[in-house]
Each structure stands twice: as structure tokens, then as C-alpha cells.
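Q: need a 3D model of the sequence below.
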Amino acid sequence: MFEADGRSFTTPKAYAPPRHINIAENKPIFVVNKVLSVREWLPLTGNTLPFSLIPGNIIALIKGNLSVEETVDLISKRAEKSVIQEILREERYSLRDERKQPWSMKTRRPFRGVTDKVKITFRAMLELAERVAKELKSPLEVSKRGRPVIYDRIKLAAAILVKGMRSFVDLSAELSNVQYDMALDESERYPSPSELHNIFTQIPVEWMEEALQRLDDLSKEEFSKFEEHPDTFVIDGSALSGDILVERVVLTKIRLIRDYFQYQALVRIATNTIRSIKKHSNKIGDIVRSLPAGSIVLADPEYDAPGELSGCGRISDRASR
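A: Numbering: from 1, shown residues only. You can find the predicted model right below:
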């Protein structure tokens, strides 16, 4: 337990960030929920740990009767030893063929402590999406005419939100596998792929865009670890092939090929969740409007167009490769 601004907070586990404490800079300070021995706290002062392994700013109680001079001496010796070992390691591996050199920790696990060891189940995704659908209200209208309503409209919207790259066939199968109770008559019925596709076409684009942003916000709160910059996003484009065949000239011959749709997605790195998705364009003015204040964006050089980065709180435009 610790106090800040006259209020007491209790951390549920080590490194859990209960609140932001502003002392000298606007960065969160994480409190370690245990008293650390010298063996435990000294490695945390190393300068070779990946930035995402532990928080940058932490407060902890330490066992032992060490003076400030003794503490500084311990940290200095450890830092000096780490630097020497790193230099020797680089010199030793530089003698090998480049293809046989081992990967560095940053290359091998660039998001260590942020995205690994967090396995989000499909049911957990559904529960989070259901919270979003309840907050924003169901986008599906219920008519008194026609067939009676069989499935809960909120849960149908939640199922569409977590569809991702799954086909409607796969989505229907997964809903059945996790036994996601959607029927209003308490029967063990699940929507077919065609029913899910029909629901998908009825959801307004505006509601879906707002729901994606809210789902991303909740995912950051629930599943991200102690990343100091959770609002780091990447913009990238891709394409999906459709079922419509179109004529294309290939090697001077007219052939029928599948039509495709190009899109660009705004993805939060810490949670791998999509915050926004638009038709592909090198103009990112529309897609960055959904960013939280102070966000960092990583993008390919093709998006480096004059006037396209205005209005963003904090943008770092870099090559993603």
C-alpha cells in the first residue's frame, strides 16, 4: 500500500499500476508490491534489460542496511560489468559468419514482457466485445414484422466485433465451441454463417468504427502489461480477395481473376488490436483522427505526404521494416 495525493492505493500484484503519480514528469510510476532483497533489486538497475521487460520508473522497499555510497557503488560495478560483457559478446560473435551470428534479445523478442505470456481466449474477447455493445447500445433494429427475434442483438453485435480475419463459417463454429449463449429461448442454438453475414451487413459503419475504438481502449486496460508507451500504433496496408470475378489482361490475354479490396489498418502494438480500418490510401489524415492524444505512429515512407501528419499529438513516422 502507498499514498499519493492524500489517497491510499493497494497494488494487486507486483508492478501493477494503480494510479499515475506525477512527481517531476508526466510518466507513470509503478510500485513493487513486496520488499526486495539485494539479489532481487540489483538486477533491476541493469542497463542491458529490454525496455519492455520492466517499467522504466518503479518504487520499491529494499531489505538491508546499505548507505547511499554503498548502493551507488554496487550499481556502478554491475553496470560496468554488463557493458564489458556486452562488448566481449559482440566481439566474439563478430568473428562468425553473419548468418551464424545469434540474434540479440531485442531482435529475438522485441516485445518481451508486453505481448507474450498473455493468451486471450475467444470467450474473453466475446465478453469484452459484449461490454462495448452494451455501452453503445445495439445497432440492430428489431421489427415487429417478419420472423420473431431468435438471438440476443447485443451478443450478435459482440460476435461480429470479434470476427477479425475469421470467415463466417469459422465464426459460427467457434461460437458453438465455446457455447456462447445467444438464443433468447434458452435453446442451444447458434447463428449459422449466413445469419451472421446478414447481421454483419445490417450494422452501420459509424457504429462499427466507434465500437472498434472502444474495444481497443478496453483491451489496453485489460490485457496490456507495463509498457511505458501503450499508445504506440502501426499503420499498414493489405488486401483481401473477394468472390467476384473480373476481367484482367494478363500477358496480352483476357483472364478472369478474383477481385480484391485494399485496406489500411491502425493497430495498437501492445495488444495487437485494430483501432481503425479504412480503404487503402497514402493519406492518413482520416485514420489518425481516432488516435489518443500523445500517440506514436509507425508507418511506411509511402504515408509521408505533406500535410498528412497535421493534427496529431505526437507522431513518429518511421519505416516499419
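Q: spatially central, which residue of this protein would that be?
A: Central residue of the chain (C-alpha atoms, centre = their mean): Thr271, 1.9 Å from the mean position.
Q: mind listing what that one touches?
A: Contacts here follow C-beta atoms under 8 Å, 6 or more residues apart in numbering; on that basis Thr271 touches 115, 216, 219-220, 223-224, 230. Bear in mind the C-beta positions are built from the backbone N, C-alpha and C, glycine included.
Q: for Phe200, which non-adjacent residue is closest in space?
A: Counting by C-beta to C-beta, 6 or more residues apart in numbering, Phe200 lies nearest to Ile160, which is 5.4 Å off, once chain neighbours are set aside.
Q: where does the one you found sit: helix, strand or coil?
A: Classification of Ile160 by DSSP: H, G, I helix; E, B strand; the rest coil places it in helix.
Q: repeat that for Arg147.
A: Classification of Arg147 by three-state DSSP places it in coil.
Q: next, the buried residues of stretch 260-272.
A: 264-271 (16 or more other C-beta atoms under 10 Å).
Q: which two of those residues have the greatest separation?
A: Pairwise distances across those (C-beta to C-beta) peak at 19.7 Å, for the pair Gln264 and Ala270.
Q: the longest strand belonging to the chain pairs with which strands?
A: Of all segments of type strand in the chain, defined using DSSP state E, the longest is strand 232-250. Strand 232-250 pairs in its sheet with strand 253-268 (antiparallel), strand 296-299 (parallel), by DSSP bridges.
Q: buried residues, that strand. List them.
A: 232-235, 237.
Q: ok, stretch 133-146 next?
A: Within stretch 133-146, judged by 16+ other C-beta under 10 Å, the buried ones are 133, 138-140.
Q: can you tell me which of those residues end up in helices?
A: Counted as lying in helices by DSSP state H, out of the buried residues of stretch 133-146, are Ala133.
Q: quick one: which of the buried residues of stretch 133-146 sit in strands?
A: Of the buried residues of stretch 133-146, none are assigned to strands by DSSP E.
Q: tell me the one of the buried residues of stretch 133-146 nearest Trp41?
A: Nearest member of these to Trp41, counting by C-beta to C-beta, is Ala133, at 44.8 Å.
Q: which residues does the closest one contact?
A: Going by C-beta under 8 Å, 6+ apart, Ala133 touches 154-155, 157-158, 161, 211.
Q: can you rerun that using 6 Å?
A: By C-beta atoms under 6 Å, 6 or more residues apart in numbering, the contact set of Ala133 is 154, 157-158.
Q: can you turn the buried subset of those into a selection I can paste into ChimeraX?
A: Only the buried entries of the contacts of Ala133 go into this ChimeraX selection, using 16+ other C-beta under 10 Å:
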select :154,157,158
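Q: what's the next secondary structure element after the helix or strand harbouring Glu174?
A: Element membership for Glu174 (DSSP states H and E) is helix 168-177. Once helix 168-177 ends, the next helix or strand along the chain (criterion: DSSP H and E) is helix 193-202.
Q: mind listing what's buried along that next one?
A: For helix 193-202, a neighbour-count test (16+ other C-beta under 10 Å) marks 196-197, 199-200 as buried.
Q: so how far is Tyr180 from Ser172?
A: 11 Å (C-beta to C-beta, to the nearest Å).
Q: all helices of the protein, in order?
A: 38-41, 68-94, 105-108, 122-136, 153-161, 168-177, 193-202, 205-223.
Q: any idea which of those helices scores lowest on pLDDT?
A: Sorting these by mean pLDDT places helix 105-108 lowest, at a mean of 56.
Q: next, the buried residues of the helix holding Glu174.
A: 168, 171-172, 174-175.
Q: and which of those is nearest to Glu127?
A: For the buried residues of helix 168-177, the nearest to Glu127 is Leu175 (13.1 Å; C-beta to C-beta).
Q: list the contacts for that closest one?
A: For Leu175, the contacting residues are Tyr190, by C-beta under 6 Å, 6+ apart.
Q: first to last residue in stretch 29-38, what's the distance?
A: For stretch 29-38, the first-to-last residue distance is 21 Å (C-alpha to C-alpha, to the nearest Å).
Q: where does the prediction get shaky in the stretch 201-321 of the chain?
A: Counting by pLDDT under 70, the stretch 201-321 of the chain has low-confidence residues at 225-228, 302-321.
Q: try it again with 80
A: The model of the stretch 201-321 of the chain has pLDDT under 80 over residues 223-229, 237-244, 259-261, 270, 280-288, 300-321.
Q: ok, how many other residues are close to the closest residue to the residue nearest to the centre of the chain other than its chain neighbours?
A: Leaving aside its chain neighbours, Thr271 sits nearest to Ser219 (4.5 Å; criterion: C-beta to C-beta, 6+ apart). The tally of other residues near Ser219 (other C-beta atoms under 10 Å) stands at 23.
Q: same question for Met208.
A: The number of residues packed near Met208 is 17, by other C-beta under 10 Å.
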